[in-house]
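> coords please:
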Amino acid sequence: MQTQKNKYITPEEYLEIERKAEFKSEYYNGEMFALAGAGRQHNIININIGSSLNNQLKDKPCEVYVNDMRVFIDELKFYTYPDVVVVCGEPEFKSNENPDTLINPVIIIEILSKSTEKYDKGTKFNFYRRISSLREYILVYQDEFLVEQFIKITENEWKLKIYNKPNMTVLLESIDCHLPVQDVYHKAEAKIK
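Predicted structure coming up:
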């Protein structure tokens, strides 16, 4: 049985398809990759984080996007949809005609599942580190009280902080906000390990 070789899709073709699609897909190296839907745990954690940050930033020149703001990394021609994105100052988009693809996030937050954990911690973080505006990358585990915060020190140096107890609080230094771990997991069925 022969496998059919995938046809190369240009970034422009991807955007045209994606803007009409019912389901989201990432794009890298001429290929589209469909994204799986999120379950209950993921959605609860996502809205907890997004709501908290949106409330804390309401009087600051920052915006919070949850789920549907596409991010583009020009150097790699990589399009992706982080779970939560924060931009401060003037948001910059790949196209002013279609402000649906952000290029200058300050914070990216990914909520890990068993199927995405390795990718989000490895390849995706390697890609995200190429965004010059990015100051913090946050990984939130779904099934346990565990948040990993990567803070950019220099172009090639990131500091890791780990929060694994409900009474701990993640300080988002780049935007002067805080996320109590207990609030991140409010109504979620996470465990202390």
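> Secondary structure of residue 82: a helix, I assume?
No: according to DSSP: H, G, I helix; E, B strand; the rest coil, residue 82 belongs to no helix; its state is coil.
> what bridges to the closest residue to it other than its chain neighbours?
In space, and not counting its chain neighbours, residue 82 is closest to residue 108: 4.5 Å by C-beta to C-beta, 6 or more residues apart in numbering. C-beta: built from backbone N, CA, C; applies to glycine. Residue 108 forms beta bridges with residue 85, residue 137, as assigned by DSSP bridges.
> how near is residue 108 to residue 134?
6 Å (C-beta to C-beta, to the nearest Å).
> Find residues that contact each of those two.
Shared contacts of residue 108 and residue 134 (C-beta atoms under 8 Å, 6 or more residues apart in numbering): residue 128.
> From residue 158, how far out is residue 123?
From residue 123 across to residue 158, the span is 16 Å (C-beta to C-beta).
> quick one: which of the two has more around it?
Set residue 123 next to residue 158 and count neighbours by other C-beta atoms under 10 Å: residue 158 wins out with 16 against 12.
> element containing the more buried one?
Residue 158 belongs to strand 157-163 when assigned by DSSP states H and E.
> Could you name the helices and strands sitting against that strand?
Judged by 3 or more C-beta pairs under 8 Å, 6 or more residues apart in numbering; DSSP states H and E, strand 157-163 is in contact with strand 147-154, strand 169-172.
> OK, contacts around residue 175?
Residues in contact with residue 175, defined by C-beta under 8 Å, 6+ apart, are 53, 56, 57, 60, 62, 86, 88, 106, 107.
> swap the cut-off to 10 Å and go again
Residue 175 makes contacts with 53, 56-57, 60, 62, 64, 86-88, 106-107, 135-136, as judged by C-beta atoms under 10 Å, 6 or more residues apart in numbering.
> now swap in residue 189 and tell me
Counting by C-beta under 10 Å, 6+ apart, residue 189 has contacts 40, 41, 44, 142, 143.
> now do residue 111
Neighbour list for residue 111: 38, 41-46, 49, 82-84, 120, 138-142, 184 [criterion: C-beta under 10 Å, 6+ apart].
> Would you list the phi and psi of residue 121?
phi -80, psi -30 (degrees, to the nearest 10).
> Pretty sure it sits against residue 112.
Yes: if you go by C-beta atoms under 10 Å, residue 121 and residue 112 touch, sitting 7.5 Å apart.
> that older thread, state the mean pLDDT of the strand holding residue 158.
The average pLDDT for strand 157-163 rounds to 97.
> do the same with stretch 33-43
Over the span of stretch 33-43, the pLDDT mean works out to 85.
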